[in-house]
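# Can you look at this prediction? I've put the sequence above it.
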Amino acid sequence: MTNFRDHMGRPIVAVTGIGVVTSLGVGKADNWAALTSGKSGIHPITRFPVDHLNTRISGMVDFLDSSSKGASPLTYELAETAAHEAVAESGLDSGDFGGPLFLASPPVELDWHERFSLYNSDKQDAGAERLLRVARGLKELDIFETTQFGSIADRLADRFGTRGLPITLSTACASGATAIQLGVEAIRRGECDRALSIGADGSATAEALIRFSLLSALSTHNDIPEKASKPFSKDRDGFVLAEGSGALVLESLEAALARGATVLGILRGCGEKADDFHRTRSKPDGSPAIAAVRAALADAGLSKDEIDYVNAHGTSTPENDKMEHLSLSTVFGERIGSMPVSSNKSMIGHTLSAAGAVEAAFSLMTMRESVIPPTINYDNPDPAIVLDVVPNKKRNAEVRSVLSNSFGFGGQNTCLVMAREPV
Amino acid sequence: MSSPRDVVITGIGLVSSLGEGPDAHWQKLAQPGLQPVLETARFAPYTVHPLPEIDWNLQIAKRGDQRQMETWQRLGTYAAGLALDDAGIKGNDELCATMDMVVAAGGGERDEAVDAAILAASESRNDRDVLLNEKLTTELRPTLFLAQLSNLLAGNISIVHKVTGSSRTFMGEEGAGVSAVETAAARIRSGQSTHVLVGGAFQTEHSDMLLGYELAGYLHRGPWKPVWQRAGAEGGGVVSGSGGAFLVLEQREQAESRGRKIYAELGPVVSGRARRSRGELDAEIAGLLNQAAPPNGRLLAMSGASGAHAATSAEKTALDAVEAITARGFSTLTGHMKEAQFPFAVALAALAVDRKAAYPVFDAAAEKPFEGIPARVLATAIGYHQFEGMALVKPA
């Protein structure tokens, strides 16, 4: 008889559907083929002019209908596309999902194109006064909806028939992992048998790029875009802004097996710890990241020796990769030098609010396929970071468990532990 | 029957145009005939309830921290500090390090001067995308981004007050506040948390915050009126207010073992998403009411009604339909505080339970008096556009 409870007596949470979109393509098949062949999705920016910009490359998703329509429509389409794939795979009703929705998505703002068009539709007054007057004369709700933080989730709830008030959340670069964690926790509390967790980010606008650029967070290796994201390399110089989405259907193992669903993996544990050090820098001793990793292991009921592979946050910023190495080597000790640790971001860039969900999807596929995607562009290793980053070429390996890290601006750290089998 | 895992309220941090702190709010709101604090000129034709004067140093000791934030984040960080102080948690390293946090947040303030300059220049330029790059790369203050990010209110609370157990930010107007309280309470009841800081802040004195309502024509214009009396008046019925509300929710067992004052117990917290275009709102409100507070004698309701015509009318109709309910529309006196609206409603409900007294009418024409001690108090937030929630607060 299968045991449906974990080491703490809580329902075991299974994954029964996975969906993903990145600059490498739509869907698991295309993404996995590209990822395991070491292909990069980073390319020159064409969505807007790059005059005056120091960074002119990104991992934007340029091939969807909404790709040029602004952050809100694109984020919705990314979320919808990934969720559709995940729900279809789970075999659940794609119009009547029947569980709660947790959406990690970027904060919304009135798009500049709308701002310009509203402003220039009138001549009277100036600045905000004019915008407000034009705004109250609008007859359609389309623009308004793009400025409401709950609207994307509201539309997704309509589309998939999720239950109750959907939760839209942000924990910066950890958001996608937090969306999964909220789903896991709701199932463990017995509030539901299933949950739909999505991370989606289509917010790579000029202003977003400039904001990150002004914080010196982005790579400026524009000349060979596919070489720009080089986690754990000595000459890494920042992350590459990117878009994407990941979706998981989470179910109690008991409910999943009862309806004959295929179990794709187990969400075994989640851990988090906030940093109180600085808005963009992490505590020099790495203690919050260390605590988040340890909390995830403890929650999963696994010892550090039972983790086969780490799907790193690996942003390719000087700061993150150094801190991540410090925290991993603190937790795993000497073993870290021989344990595979790779960064999907070397190929897809940093998908921000989506990253935790996209990388959880890839972590689950890593276990299912027994193939570890490489860290590409690893030509010039950082001597201070001694890791087996699975350099440049995929590796066939039996992977029974994965730790996936997400560390965010604003100090929000979330780690997930996934396993191939329930026990 | 009380249980060790009941959710109790041990800290309240409030800021609104009426002042700061639970005591100041109680004293003001308990005065019959209290007049609202209004700013009618600065954003005409809109009226707002402005922030009171605040000495930020009292809760945000480092000037450097204050400089990294704009008013919205300062306000939230300040209100959070008030709640932590009130619960005796501030400065207690162990309790702060194990405290979970759920913040309901929108976005922070944009640089209005930079935006206005770009818009003005757009009138004579066709290459607007290039204009944008040109201006934004040279005129934006680099750290302003951090003051705008939704999750950085929580980030600042971690930095300033050292709350680091966990940090989550929910977005989505009033619904974010509802989900934040609901999730925090569920975590405590299930044993996932022992104490949680939950709340939000809204700084309405910024044109973009008004624009967020006005793109759908939700703001009330013309002379100010109480929240229940805006139907038929010019505009959409919402008068917004700046404010913040944070609560310390705690497991009963832990609160008692610390010997802390308990304001009230937080009972059921319920939420919903009516598909309003299909006419589901009336049934949704009635259903939530029945789940949160099944008929059981008199009920005081602290309504977060925004004034938005359709939602406010639906809520009023539902509350009026139950003879045992006496409602108070607190937006009449504070304005609508978006993400902070629901935590604010819960805080006012907890104060009434704690003081064993109801609030006098906030609007003599639309509200009826409540005599005696309110045994149960309901808090509501029916979103001006979407999402609904309620909670029941009762004596501990």
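Right, received. Where do you want to start?

# Might you report the residue contacts of residue B:96?
Residues near residue B:96 by CB atoms under 8 Å, 6 or more residues apart in numbering or on different chains: B:84, B:89-90, B:161-165. (Each C-beta comes from the backbone N, C-alpha and C, glycine too.)

# same thing but at 10 Å, please
Residues near residue B:96 by CB atoms under 10 Å, 6 or more residues apart in numbering or on different chains: A:276, B:84, B:89-90, B:158, B:161-165, B:195, B:197.

# Could you work out the most separated pair of those?
A:276 and B:195 (16.8 Å; CB to CB).

# Give me the outermost residue of chain A relative to its centroid.
In chain A, residue A:124 marks the outermost C-alpha relative to the chain mean, sitting 43.9 Å out by CA atoms, centre = their mean.

# which residues sit in contact with that one?
A:130, A:133-134.

# rerun at 7 Å
Residue A:124 makes contact with residue A:130, according to CB atoms under 7 Å, 6 or more residues apart in numbering or on different chains.

# hmm, back to that, inside helices: which ones of the contacts of residue B:96?
B:84, B:158, B:161 (DSSP state H).

# what would these look like in TSV with neighbour count, distance to chain A and pLDDT?
Putting those into TSV (neighbours: other CB atoms under 10 Å in any protein chain shown; distance: CB to the nearest CB, whole Å; pLDDT from 0 to 100) gives the following:
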residue	neighbour count	distance to chain A	pLDDT
B:84	26	13	98
B:158	28	4	97
B:161	24	8	98
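
# What is the neighbour count of the residue nearest to residue B:241 when sequence neighbours are not counted?
Excluding the flanking residues, the one nearest residue B:241 by CB to CB, 6 or more residues apart in numbering or on different chains is residue B:335, at 2.1 Å. Neighbour count of residue B:335, defined by other CB atoms under 10 Å in any protein chain shown: 31.

# Go ahead and confirm residue B:335 touches residue B:226.
No - look at residue B:335 against residue B:226 with CB atoms under 7 Å: they stay out of range, at 11.6 Å.

# Near whichever residue of the stretch 201-350 of chain B sits closest to chain A, how many other residues are there?
As assessed by CB to the nearest CB, chain A sits closest to residue B:207 within the stretch 201-350 of chain B, at 3.2 Å. Residue B:207 sits with 20 neighbouring residues when counted by other CB under 10 Å.

# Equivalent analysis for residue A:395, please.
Residue A:395: 17 neighbours (other CB under 10 Å).

# my guess is the residue of the stretch 201-350 of chain B closest to chain A contacts residue B:110, does it?
No - Residue B:207 is beyond contact range of residue B:110, at 8.8 Å (criterion: CB under 7 Å).

# ok, now which ones touch the closest residue to residue A:276 other than its chain neighbours?
Excluding the flanking residues, the one nearest residue A:276 by CB to CB, 6+ apart is residue B:158, at 4.5 Å. Going by CB under 7 Å, 6+ apart, residue B:158 touches A:274-276, A:411, B:164, B:167.

# now, which of the residues you listed lie within strands?
Those of the contacts of residue B:158 mapping onto strands are residue A:274, per DSSP state E.

# Could you turn the buried ones of the contacts of residue B:158 into a PyMOL selection?
Buried members of the contacts of residue B:158 can be picked out in PyMOL with the line below, counting by 16 or more other CB atoms under 10 Å in any protein chain shown:
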select buried, (chain A and resi 274+275+276+411) or (chain B and resi 164+167)
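
# and the contacts of residue B:158, which two are the farthest apart?
A:276 and B:167 (9.7 Å).

# Overlap of the contact sets of these two?
A:411, B:158.

# Now do the contacts for the closest residue to residue B:147 other than its chain neighbours.
Leaving aside its chain neighbours, residue B:147 sits nearest to residue B:70 (4.3 Å; criterion: CB to CB, 6+ apart). Residues near residue B:70 by CB under 7 Å, 6+ apart: B:108-109, B:147.

# can I get the residues you listed in a markdown table with pLDDT and neighbour count?
Shown next, in a markdown table, are the contacts of residue B:70 (pLDDT from 0 to 100; neighbours: other CB atoms under 10 Å in any protein chain shown):
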| residue | pLDDT | neighbour count |
| --- | --- | --- |
| B:108 | 96 | 25 |
| B:109 | 97 | 19 |
| B:147 | 94 | 24 |
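
# quick revisit: what kind of secondary structure is the residue farthest from the centre of chain A in?
Per DSSP: H, G, I helix; E, B strand; the rest coil, the secondary structure class of residue A:124 is coil.

# so how far is residue A:143 from it?
19 Å (CB to CB, to the nearest Å).

# Who are the contact partners of residue B:313?
Taking CB under 7 Å, 6+ apart, we find residue B:313 in contact with residue B:231.

# Just the element for it, please.
Using DSSP states H and E, residue B:313 sits in helix B:309-320.

# helix or strand right after that helix?
Using DSSP H and E, the helix or strand that follows helix B:309-320 in sequence is strand B:325-329.

# what's next to the helix or strand that that next one is followed by, contact-wise?
Downstream of strand B:325-329, the first helix or strand assigned by DSSP H and E is helix B:331-334. Under the contact criterion CB under 7 Å, 6+ apart, helix B:331-334 has outside partners B:16-18, B:29, B:34, B:36, B:49, B:226-227, B:241, B:243, B:304-307, B:362-363.

# Following the record's annotation, map out the domains of chain A.
Domain assignment for chain A, taken from automatic domain parsing, gives A:15-108+A:148-410, A:113-145.

# Show the contacting residues for the residue nearest to residue B:241.
The contact partners of residue B:335, by CB under 7 Å, 6+ apart, come to B:17, B:48-49, B:204, B:239-241.

# from what I can see, residue A:197 looks like it's in a strand, true?
Yes - under three-state DSSP, residue A:197 sits within a strand.

# so what pLDDT did it get?
We have a pLDDT of 99 for residue A:197.

# And for residue B:360, the neighbour number?
A count of nearby residues for residue B:360, using other CB under 10 Å, gives 16.

# Once you drop chain neighbours, what's closest to it?
Counting by CB to CB, 6+ apart, residue B:32 is the residue found nearest to residue B:360 once chain neighbours are left out, at 4.2 Å.

# Kindly report the same for residue B:236.
Residue nearest to residue B:236 in three dimensions, not counting chain neighbours: residue B:218, with 3.9 Å by CB to CB, 6+ apart.

# report the longest helix in the chain, please.
Just going to use chain A. Of all segments of type helix in chain A, defined using DSSP H, the longest is helix A:71-90.

# that's the other chain; I wanted chain B
Secondary structure of chain B per DSSP H: the longest helix is helix B:173-190.

# First-to-last residue distance for stretch B:133-145?
In stretch B:133-145, first residue to last residue: 16 Å (CA to CA, to the nearest Å).

# now swap in stretch B:239-255 and tell me
Stretch B:239-255 has an end-to-end distance of 37 Å (criterion: CA to CA).
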